[in-house]
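Novice: just the structure for this:
(one chain, ligands or ions: 1)
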Amino acid sequence: MQIDDHAVVTFHYTLTDDSGRVLDSSVGNDPLTYLQGSGQIVPGLERQMAGHVAGDKFDATVAPEEAYGVTDPGLVHVISRAQLQGVDDLEVGMQFQAEGGRHATTVTISKIEGDQVTVDANHPLAGATLHFAIEVTDVRAATAEELSHGHVHGAGGHHH
Ligand code: ZN
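Specialist: The predicted structure follows:
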């Protein structure tokens, strides 16, 4: 069957950035299984999965707007080293959890200049164009129960 909004899809992916650097890959691990139309994968990839069948291999390029969003300058803050007491050996690229609002957000140190530390609470992939190499390994019809729960059951699923 073709991938539509009632399909449970299993696929392998390799994600690279604009320079071809591999950011993430399922190859060599278990493939990913999701319910098409439920927003479990980035919107731009979900849209490009539609219509494919098991066995298809294709490349999907996804703009930031349809992936992890554009970079929000309002989420970048310069703080003093003293505000990061308890964090040893501060380095650019270091990530830590910051409490804020209802959710803990992941914050990345993007610059250190003397006592000034720039922290960025954007998603690490905000602003990035994503390049996926996709191999669809299985497509099946979702059960009525899966559709009502909005997620996949069984192998690769959430429960049962
Ligand atoms: Zn369920």
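Novice: beyond the least confident helix or strand in the chain by mean pLDDT, next helix or strand please.
Specialist: Counting by mean pLDDT, DSSP states H and E, the weakest-scoring helix or strand in the chain turns out to be strand 95-100, with a mean of 78. Per DSSP states H and E, the first helix or strand lying C-terminal to strand 95-100 is strand 103-113.
Novice: quick one: buried residues of the helix or strand following that next one?
Specialist: Next along the chain after strand 103-113, taking DSSP H and E as the criterion, comes strand 116-120. Residues of strand 116-120 classed as buried by neighbour count (16 or more other CB atoms under 10 Å): 117, 119-120. Glycine gets a C-beta too; all of them are placed from N, C-alpha and C.
Novice: how much space between residue 154 and residue 141?
Specialist: Remark: distance between residue 154 and residue 141 (CB to CB, to the nearest Å) = 13 Å.
Novice: is it true that residue 123 touches residue 68?
Specialist: Yes: judged on CB atoms under 8 Å, residue 123 makes contact with residue 68 at a distance of 4.3 Å.
Novice: show residues contacting the least confident helix or strand of the chain.
Specialist: Applying CB atoms under 8 Å, 6 or more residues apart in numbering, the contact partners of strand 95-100 are 87, 104-109, 119, 121, 124.
Novice: buried subset of those?
Specialist: 107-109, 119, 121.
Novice: report the two of those separated the most.
Specialist: Greatest spacing in these, by CB to CB: 109 and 121 (11.1 Å).
Novice: name all residues that make contact with residue 93.
Specialist: 108-109.
Novice: pLDDT score assigned to it?
Specialist: Note on residue 93: pLDDT of 92.
Novice: could you measure it against residue 107, distance?
Specialist: 12 Å.
Novice: mind giving me the domain split of the chain?
Specialist: 7-68+126-149, 73-120 (automatic domain parsing).
Novice: out of these, deepest packed?
Specialist: Burial of those is given as mean neighbour count (mean count of other CB atoms under 10 Å); domain 7-68+126-149 ranks first at a mean of 16.
Novice: run through the strands of the chain in chain order.
Specialist: 7-16, 22-25, 32-35, 57-62, 76-80, 95-100, 103-113, 116-120, 130-141 (DSSP state E).
Novice: can you redo the ones you listed as JSON lines with distance to residue 46?
Specialist: Below are the strands of the chain laid out as JSON lines (distance: least, CB to CB, whole Å):
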{"stretch": "strand 7-16", "distance to residue 46": "9"}
{"stretch": "strand 22-25", "distance to residue 46": "17"}
{"stretch": "strand 32-35", "distance to residue 46": "8"}
{"stretch": "strand 57-62", "distance to residue 46": "10"}
{"stretch": "strand 76-80", "distance to residue 46": "29"}
{"stretch": "strand 95-100", "distance to residue 46": "26"}
{"stretch": "strand 103-113", "distance to residue 46": "23"}
{"stretch": "strand 116-120", "distance to residue 46": "26"}
{"stretch": "strand 130-141", "distance to residue 46": "11"}
